[in-house]
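*Asks:* show me the folded form of this:
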Amino acid sequence: MKKKIQISYARCLCGKIEIKIKGALRHVNNCHCSQCMKTHGNFASYTSCDVSNLTFIKKTTLKWFYSSKIAKRGFCTKCGASFFYKRLNANKISIAAGMLQSPTKLNTKNNIFTRGKMDYYKLDSKLPKFHKNVI
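*Replies:* Numbers count the residues shown, from 1 in each chain. Okay, the predicted model is just below:
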């Protein structure tokens, strides 16, 4: 019996960026770093996949911002949605989990960069927490 390949879809708020992902997605990490806080207005929840498994259906308003010397972030110039985080020269791309079409069948597994956590919310005590990235 042939194993069914997982297909996922994601889009931004206005629909000008739309993607198809072929294959499994990584579990979700909640990132509390200062860059995610400033980009998303709160902690960010990301999954990821191999770049080769991602196909753009639409990307007319996709713009990349080089947020550091090691990474860039992709966002929509029309609706402002923060969609991607990608380390330069990496084979993986992180996708904001909220962009995915539901049901995702994903689970949140970790909190990362927890030293950057803001004081107005609490971390889920059932999830492991790390002061740096564990990906």
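*Asks:* can you pull out the helices in this structure?
*Replies:* Using DSSP state H, the helices found in the chain span residues 34-40.
*Asks:* list the contacts for the spatially closest residue to Lys22 that is not a sequence neighbour?
*Replies:* Nearest residue to Lys22 in three dimensions, chain neighbours excluded: Asn53, at 4.9 Å (CB to CB, 6 or more residues apart in numbering). The C-beta positions use only the backbone N, C-alpha and C, and glycine is treated the same way. Asn53 makes contact with Ile21, Lys22, Gly23, according to CB atoms under 8 Å, 6 or more residues apart in numbering.
*Asks:* do the same with Gly74
*Replies:* Residues near Gly74 by CB under 8 Å, 6+ apart: Ile17, Leu62, Lys63, Trp64, Phe65, Ser82, Phe83, Phe84, Tyr85, Lys86.
*Asks:* with adjacent residues omitted, what lies nearest to it?
*Replies:* Take Gly74 and drop its neighbours on the chain: the residue closest to it by CB to CB, 6+ apart is Phe84, 3.5 Å away.
*Asks:* looking at it, the one you found is touching Ser94, isn't it?
*Replies:* Yes - shown here, Phe84 and Ser94 form a contact pair, counting by CB atoms under 8 Å, at 6.5 Å.
*Asks:* now stretch 100-119: buried residues?
*Replies:* Leu100, Leu106, Asn110, Asn111, Ile112, Phe113, Thr114, Lys117 (16 or more other CB atoms under 10 Å).
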